[in-house]
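*Asks:* Kindly generate the corresponding structure for this input.
(one chain, ligands or ions: 1)
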Amino acid sequence: MSEEYQVTMSYNNETTVTLESATNNQVATSYNVAQSIEDLGNVDTSALDKTGSTTNNYVMVYDATAQGYKFVNPDAVLYANLFGNLVDYENIKEFCNLRKIPLIEDAAQSMGAIYKKIPSGKLGDISIFSFDPMKNLPSFGTGGMVLTDSDKHYKNIISLRRHGFGMKYEYGYNSLISEDHCNQLLFLFGKFKSLQKKRKQIASWYFELLPDLNFIRQEETTGIFHKTTISSYHKLVLLADKRRDLQKQLESHGIETKIHYKRTLDSNNFGRYPNAERLCSNAISLPIYPFLKEEEVEYICKTIKLFYGV
Ligand SMILES: Cc1ncc(COP(=O)(O)O)c(C=O)c1O
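*Replies:* As a prediction, this is how the structure comes out:
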């Protein structure tokens, strides 16, 4: 990583590629990509610069101190499969291959998702799962897993998780997951397929019962629809008019909802990412977990229909 920027890349909810520096006073964005995005709700990966050119690089860094933009070449790309929906991986992968930079998949929300037969967790040179209690494979407590086919990355990661053991000039962390959590996870892993099947079923109940509402769905967010590409259904997010009132109405009927997310990554610069900001003000996450019953989904949908008078 370059010392100056240490950029990481992620999807800013729906619209833009943003790059954040470790020092937090610089934020990079593929500005022309951001500009070219309309209502699809995700980054337009086909607009990525595939020439591999480093002089004509589309990536710009916003330098808050200088109040201006400069061009940089990213050292790595980190992308997140938000809500369990997969982004258009092939375009990003091609972009990284041309620049010979690693692609890091944030698969915290997408365990169980599949991109054209490739499972999430294999969609990066390095892929990362999270096992926090809200995730598709949860543990009571925290934990995660890093996957890679690269020997070099593997050795670094093994060392970093244990105080940098074996590395000459690097400090690491204490990131060892406890035996207890591993046991819980191994137990649940045996049931993962059936848990995923239930999530998918629950999502389809919502889609059937509320056909006219605007859900963020795999095919719409990625702009790709492929019968072998499936979401992990980690979150079920609705773009809702009068969100605050809807949330109150659901709450008064005993239905808990959450807002993912209230702010964009670049919320200090309000107005820069209008699509992402619109999402932040409309999105509401409805209950979805494998043990939700059909009659409960019916009750939730009925309450929503009543609210909108549909
Ligand atoms: C997309 C995404 N990335 C990363 C994380 C962080 O995971 P962890 O808390 O296990 O480090 C989360 C957790 O909510 C997430 O949703």
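
*Asks:* drop to CA atoms for contacts and neighbour counts, all remaining ones
*Replies:* Noted.

*Asks:* Can you name the residues that contact residue 128?
*Replies:* Neighbouring residues of residue 128 by CA atoms under 8 Å, 6 or more residues apart in numbering: 104, 105, 106, 107, 108, 121, 144, 145, 146, 147.

*Asks:* ok, now which ones touch residue 271?
*Replies:* Neighbours of residue 271 in contact, by CA under 8 Å, 6+ apart: residue 277.

*Asks:* Tell me how far it lies from the ligand.
*Replies:* 23 Å (CA to the nearest ligand atom, to the nearest Å).

*Asks:* Where does that residue sit: helix, strand or coil?
*Replies:* Three-state call for residue 271 (DSSP: H, G, I helix; E, B strand; the rest coil): coil.

*Asks:* what's the pLDDT at it?
*Replies:* Looking at residue 271, its pLDDT stands at 72.

*Asks:* got it, and residue 50?
*Replies:* For residue 50, pLDDT reads 54.

*Asks:* what do you get for residue 4?
*Replies:* At residue 4, the model reports a pLDDT of 28.

*Asks:* And the residue of the stretch 1-150 of the chain that's closest to the ligand?
*Replies:* With CA to the nearest ligand atom as the measure, residue 130 is the residue of the stretch 1-150 of the chain nearest to the ligand, at 3.9 Å.

*Asks:* Count the neighbours of that residue for me.
*Replies:* Residues within reach of residue 130, counting by other CA atoms under 10 Å, total 22.

*Asks:* again, but for residue 142
*Replies:* Neighbours around residue 142, by other CA under 10 Å: 14.

*Asks:* which bits of the protein sit near the ligand?
*Replies:* For the chain, the contact set with the ligand under CA under 6 Å from any ligand atom comprises 80, 82, 106, 108, 109, 130, 131, 132, 143, 144.

*Asks:* can you rerun that using 8 Å?
*Replies:* Within the chain, the positions near the ligand by CA under 8 Å from any ligand atom are 80-83, 106-109, 129-132, 134-135, 142-144.

*Asks:* Cross those against helices and list the overlap.
*Replies:* Using DSSP state H, no member of the residues of the chain next to the ligand falls in helices.

*Asks:* Give me the buried subset of those.
*Replies:* Among those, the ones that count as buried by 16 or more other CA atoms under 10 Å are 80-83, 106-109, 129-132, 135, 143-144.

*Asks:* If we only consider those, which is nearest to residue 308?
*Replies:* The shortest approach to residue 308 among those belongs to residue 83, at 24.5 Å (CA to CA).

*Asks:* so what's the closest one up against?
*Replies:* Applying CA under 8 Å, 6+ apart, the residues near residue 83 are 109, 110, 232, 233, 234, 235, 236, 237.

*Asks:* Would you check how far apart it and residue 102 are?
*Replies:* The gap separating residue 83 from residue 102 is 23 Å, by CA to CA, to the nearest Å.

*Asks:* likewise residue 76?
*Replies:* For residue 76 relative to residue 102 (CA to CA), the value is 5 Å.
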